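Colleague: Let me see the structure of the following:
(2 chains)
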Amino acid sequence: MGYSLDFGWLAGAAGVIARGAAMTLLLIAVTTLAGTFLSILGAAGKRNGPKPLQVAIGVYVEVMRNTPFLVQLFFIFFGLPSLGVRLDPILAAMLAMTLNMAAYTIEIVGAGLDAVPRGQTEAALALGLRPRQVFVKIVLPQALKVIYPALTSQIVIMMLESAVVSQIAVRELTYEADMLQARTFRAFETYFVVTMVYLGLSMGLRRLLVSGGRRVLGAGVS
Amino acid sequence: MIEFTFWDIVRNLLLAARWTVLLSLAAFIGGALVGLIVLFFRIAKNKWVKRIASGYIALFQGTPLLMQLFLMFFGLPMLGLRIEPWTAAVLGLTFFASAYLAEIWRSGVDALPRGQWDAGASLGLHYLQELRLIILPQAFAITRAPTVGFLVQLIKSTALTSIIGFEELVRTSNAINNATFEPFKVYGLVALIFFVMCFPLTQYARRLERRAAH
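Modeller: Modelled structure (predicted):
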């Protein structure tokens, strides 16, 4: 076999790879914040909202969980313009990722809310806190603490899944890899290096979330 | 220009969905076989063998499936294998599935009380007999819900093989969309077909989970 590996192009490509990785991290940062916020609303709505809202959230969760992310992305990016909503690729990617992640984290946050003993709410109400204060200050922090490990895994999974948004030309890590290999004709080496970058990102992200969670929530994540 | 009626679109999508089903099955069966080997390594007594299996699992769980597919597609020809999208898709998804299934089943093995091993040994069974007759049947039984849950994930993951050129549901829908310019309808139908495939399995997994909780 006459093939030998060549990584000579790597020195000139480091900047492009770093830029792609930065975009990937930006996407997942926005998705994490928006997705968690949305799923707190969703989980609360599914428990205490009016009946039609509960049904709507249930349907939303099932639809998102039982269809591929790639199809959701295409639906949002290519399908919504025919309804008059035109999104630029980055916004479409953030929207698709947020909506996808929320479907999973609504269940996770919900499980956390259920795990907080009812007595906590009763005690807080007895102390004269308003229902919203009870939720935000008493129930939610305890729930987040319980579900933090599951949330962490979901964030890492979403980061890996974000490779797909290269398909609508968001200039993130995978997109830059596609461009690089078209230029260097070193497809295997390029994807190999970028795969290792992803591995580093996922390990680093997990570690960051674990230590951040310990500091902010006091959550025990192993 | 070719005119597509609504039924033309549906018929073509359903024909393409056969490939999605076939790929899912092939990857699940292949993944189960390779996953079994990884599981043996993962629960072995030797520290280094164990570590290799952990590394394998961490590698596949810590990198995007799309990258794994690209590496299959571009890497295997370097070994002198003529490779087509179908081969790269099946192999890529098989390895991907093997890592996840091995980890799921490992959790089942770990959940069994130590006494199960001891009882097997005291009956005079050797290691492989213990695994085959006592440990694995129980480990599979208690991890049936997450295994079915992973099958759903695998079916959804086949969508990514469209990117390396495998002619399944999503790739066909892209072609149809390029001809009809009706993305809302086409991708809506694709989502519906995936939903019809996945939802019963999700419900089944949920029922298994509920039964296990009692």
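Colleague: List the contacts of the closest residue to residue A:167 other than its chain neighbours.
Modeller: Excluding its sequence neighbours, the residue lying closest to residue A:167 (C-beta to C-beta, 6 or more residues apart in numbering or on different chains) is residue B:163, at 6.4 Å. To be clear about C-beta, it is placed using only N, CA and C from the backbone, and glycine gets the same treatment. If you count contacts by C-beta atoms under 8 Å, 6 or more residues apart in numbering or on different chains, residue B:163 has them with A:70, A:164, A:167, B:66, B:69.
Colleague: Quick check: the third one touching residue A:68?
Modeller: Okay, so that is residue A:167. No: assessed by C-beta atoms under 8 Å, residue A:167 is found out of contact with residue A:68, at 11.8 Å.
Colleague: Save the contacts of residue B:163 as TSV, and put in pLDDT too.
Modeller: TSV is the format used below for the contacts of residue B:163 (pLDDT from 0 to 100):
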residue	pLDDT
A:70	97
A:164	96
A:167	95
B:66	97
B:69	96
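Colleague: In helices only, show me those residues.
Modeller: In helices, defined here by DSSP state H, the members of these are A:70, B:66, B:69.
Colleague: Which of those residues sits closest to residue A:29?
Modeller: The closest of the ones in helices among the contacts of residue B:163 to residue A:29 turns out to be residue B:66 (C-beta to C-beta; 20.4 Å).
Colleague: Which residue is the nearest non-sequential neighbour of that closest one?
Modeller: Computed as C-beta to C-beta, 6+ apart, the closest residue to residue B:66 that is not its neighbour in sequence is residue A:163, at 4.4 Å.
Colleague: between residue A:167 and residue A:68, who's got more neighbours?
Modeller: It is residue A:68, of residue A:167 and residue A:68, that has more neighbours when counted by other C-beta atoms under 10 Å in any protein chain shown, with 26 against 22.
Colleague: ok, now how distant is the more buried one from chain B?
Modeller: 4 Å (C-beta to the nearest C-beta, to the nearest Å).
Colleague: That residue: what's its closest spatial neighbour, skipping adjacent residues?
Modeller: Nearest non-adjacent residue to residue A:68, counting by C-beta to C-beta, 6+ apart: residue B:159, 3.7 Å away.
Colleague: Phi first, then psi, for that neighbour.
Modeller: Backbone torsions of residue B:159, given as degrees, to the nearest 10, read phi -60, psi -30.
Colleague: Ok, the one 5 residues further on next?
Modeller: Residue B:164 has phi and psi values of phi -90, psi 10 when expressed as degrees, to the nearest 10.
Colleague: hmm, back to that, how far away is the residue nearest to residue B:66 from residue A:205?
Modeller: Using C-beta to C-beta, to the nearest Å, one gets 14 Å for the distance from residue A:163 to residue A:205.
Colleague: Counting neighbours, go ahead and name the busier of those two.
Modeller: Remark: of residue A:163 and residue A:205, residue A:163 carries more neighbours, 25 against 21, as counted by other C-beta under 10 Å.
Colleague: which element is residue A:125 on?
Modeller: For residue A:125, the element it lies in under DSSP states H and E is helix A:118-126.
Colleague: buried residues in the longest helix anywhere in chain B?
Modeller: Of all segments of type helix in chain B, defined using DSSP H, the longest is helix B:6-42. Residues of helix B:6-42 classed as buried by neighbour count (16 or more other C-beta atoms under 10 Å in any protein chain shown): B:9, B:12-13, B:16-17, B:19-20, B:23-24, B:26-28, B:30-32, B:34-35, B:38-39, B:41-42.
Colleague: Residue for residue, what is the longest helix chain A has?
Modeller: helix A:10-48.
Colleague: ok, and for that helix, which residues are buried?
Modeller: A:13, A:16-17, A:20-21, A:23-25, A:27-28, A:30-32, A:34-36, A:38-40, A:42-44, A:46.
Colleague: now do stretch B:174-194
Modeller: Under the neighbour-count criterion of 16+ other C-beta under 10 Å, stretch B:174-194 has B:174, B:176-177, B:180, B:182-183, B:185-187, B:189-191, B:193-194 buried.
Colleague: Start and end of that stretch, how far apart?
Modeller: The first residue of stretch B:174-194 is 15 Å away from its last residue (C-alpha to C-alpha, to the nearest Å).
Colleague: which one of the contacts of residue B:163 is nearest residue A:158?
Modeller: So of the contacts of residue B:163, ranked by how close each gets to residue A:158 (C-beta to C-beta), first place is residue A:164, at 10.7 Å.
Colleague: so who does the spatially closest residue to the closest one that is not a sequence neighbour touch?
Modeller: In space, residue A:164 comes closest to residue A:70 once its chain neighbours are excluded; the distance is 5.2 Å by C-beta to C-beta, 6+ apart. Listed by C-beta under 8 Å, 6+ apart, the contact set of residue A:70 reads A:164, A:167, B:159-160, B:162-163, B:170.
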